[in-house]
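[1] Sequence and predicted model, in that order:
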Amino acid sequence: MESVDGFGPEKIIQLYDPLTGMQGVVVIDNTALGPGKGGIRMTSTVGINEVKRLARAMTWKTSLHGLPFGGAKSGIVANPKAMSQKKKAQIVKSFAKAISTISPSEYVAAPDISMAEEEMRIIAGVNGKKSVTGKPSDMGGIPHELGSTGWGVFHSARVAARRIGLSLKGATVAIEGFGNVGLFAAKFLCEAGAKLVAASDSHGMIYSPKGLDYEKLAETKRKERTVTRYKPGRIMPSDAMPGLDVDIIVPAAVPDFITVRDLKHIKAKLIVEGSNIPMTAAMERLLWKKGITVVPDFVANGGGVISSYVEYTGGTPKQMFKIVREKESKNTLKVLKSAEKENITPREAAMDMAKARILRASRTSY
Ligand code: GLU
């Protein structure tokens, strides 16, 4: 049996459709606050363990940000870059059919890695509009491609930087991953006067201490499919990013990007986790002992699921941007203040808050 603790997971469902080859997993971690909420990621390496960890991150995330959802997540094992759009659509449809008995009652899906509004349209077509968020606007949705997560990461970074006495103007920034989260985090940080010096994607990292022009970099990524084609700059392996001489690092792609091997090389003063589980809680604690502030994933990257909540309750994109800004600013500050007061890591402080709300709800439901 898979391991459980006082919170979950409540359900782990392995999915396979021999007709399409779709193989996946859904983890409903905890539903004390509402139906399990979480995105679907499609990668060739995703498995039960990763999805369990991600579903737990969602349990804390929805609770901390005061949303009426529990935590869940799902994964589809496939390499989206190695398949046609038609095949991808077929697999997504097959996945939607496989979860139709639990969605939307126990699981409300959303985009995550390699999933976007068009895939959400397919899921809504199978399980109904209430079964999924991040849908296209013509379906009454608020696509995550509007940049909600990056917008939230930016506000979290802004508040955290101020808290540690770091001015965003001129602060040097490195961003791991230039997808939907990294791209928008970079945009908003640059607009606030920060200096982007490094960015990476699955092809490697581009680094220039003189600064990368955000517009040009986004254009390079769009046209050439990789940030490493940007000129001028030095192409380096992505795993060199944690050791760069920068003020702020924003991990915004893969799990376990920063490991204990990076500990003695990290020079950044602030790490804002745009991606989910970019390092372990133990690693965050080691960084905290060194005086490095880490804003944990479920605090910093709530923008996506907050946007999902606004969509779920019939709100507009304008309201979404306002609510993401308010919640991310307020909750980041609350977490950092509490961590300072209790002399614990920001993750420990945030978990105390998230757990308290879930336990209150669990007690009253029995
Ligand atoms: N994929 C996003 C996240 O990990 C959004 C999830 C959602 O809206 O359910 O937070």
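    Yep, that arrived. Residues are numbered from 1 along each chain as shown.
[2] for the nearest residue to Lys129 once chain neighbours are set aside, what are its contacts?
    In space, and not counting its chain neighbours, Lys129 is closest to Met139: 6.5 Å by Cβ to Cβ, 6 or more residues apart in numbering. All C-beta spots, glycine's among them, are computed from the backbone N, C-alpha and C. Residues in contact with Met139, defined by Cβ atoms under 8 Å, 6 or more residues apart in numbering, are 121, 124, 129.
[3] Buried members of these into ChimeraX, please.
    Selection command for ChimeraX covering only the buried members of the contacts of Met139, criterion 16 or more other Cβ atoms under 10 Å:
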select :121,124,129
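[4] can you tell me which residue is nearest the centre of the protein?
    Centrality entry for the chain: nearest residue to the mean C-alpha point is Ser275, 4.0 Å, by Cα atoms, centre = their mean.
[5] With pLDDT as extra columns, can I get the contacts of Met139 in a markdown table?
    Rendered in a markdown table, the data for the contacts of Met139 read as follows (pLDDT from 0 to 100):
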| residue | pLDDT |
| --- | --- |
| Arg121 | 98 |
| Ala124 | 98 |
| Lys129 | 98 |
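[6] re the thing from before, what's the spacing between the residue nearest to the centre of the chain and Lys11?
    Ser275 sits 25 Å away from Lys11 when distances are taken as Cβ to Cβ, to the nearest Å.
[7] Gly179 now?
    Where Lys11 is concerned, Gly179 sits at a distance of 29 Å (Cβ to Cβ).
[8] So which of these two has more stuff around it?
    Gly179 (19 against 16; other Cβ atoms under 10 Å).
[9] Could you tell me the per-residue confidence at the more buried one?
    Per-residue confidence at Gly179 stands at 95 (pLDDT).
[10] can you start the count at 40 instead of 1 from here on
    Sounds good: first residue 40 from here, last item Gly218.
[11] what's it in contact with, if anything?
    When contacts are counted by Cβ under 8 Å, 6+ apart, Gly218 touches 152, 240, 291-292.
[12] Which of those residues sits closest to the ligand?
    Nearest to the ligand among these is Ile152, at 8.1 Å by Cβ to the nearest ligand atom.
[13] Any chance you could give me stretch 57-73 in CSV, C-alpha atoms only?
    Output in CSV follows, covering the C-alpha atoms of stretch 57-73 (Å, rounded to 0.1, in the frame of the first residue of the first chain):
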residue,chain,number,x,y,z
PRO,A,57,-5.3,0.0,-24.0
LEU,A,58,-7.0,1.5,-27.0
THR,A,59,-5.2,4.9,-26.9
GLY,A,60,-2.2,3.9,-24.8
MET,A,61,-3.2,6.6,-22.3
GLN,A,62,-1.5,5.9,-19.0
GLY,A,63,-2.0,8.1,-16.0
VAL,A,64,-2.6,8.6,-12.3
VAL,A,65,-5.0,10.8,-10.2
VAL,A,66,-4.3,11.5,-6.5
ILE,A,67,-7.1,13.0,-4.4
ASP,A,68,-5.1,14.0,-1.4
ASN,A,69,-7.6,15.8,0.9
THR,A,70,-11.2,17.0,0.4
ALA,A,71,-12.0,18.5,3.9
LEU,A,72,-12.3,22.0,2.3
GLY,A,73,-14.0,21.0,-1.0
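[14] buried residues in it?
    59, 61-73.
[15] Lys76 contacts Glu145, correct?
    No: using Cβ atoms under 8 Å, Lys76 is not in contact with Glu145; the gap is 10.3 Å.
[16] Now for these two: what residues contact both?
    Counting by Cβ under 8 Å, 6+ apart, the shared contacts of Lys76 and Glu145 are Ala111.
[17] neighbour count winner among those two?
    Remark: of Lys76 and Glu145, Lys76 carries more neighbours, 30 against 19, as counted by other Cβ under 10 Å.
[18] Not counting sequence-adjacent ones, nearest residue to the more buried one?
    Phe108 (3.7 Å).
[19] The one you found and the ligand, how far apart?
    7 Å (Cβ to the nearest ligand atom, to the nearest Å).
[20] Likewise for Lys234?
    In terms of Cβ to the nearest ligand atom, Lys234 sits 28 Å off from the ligand.
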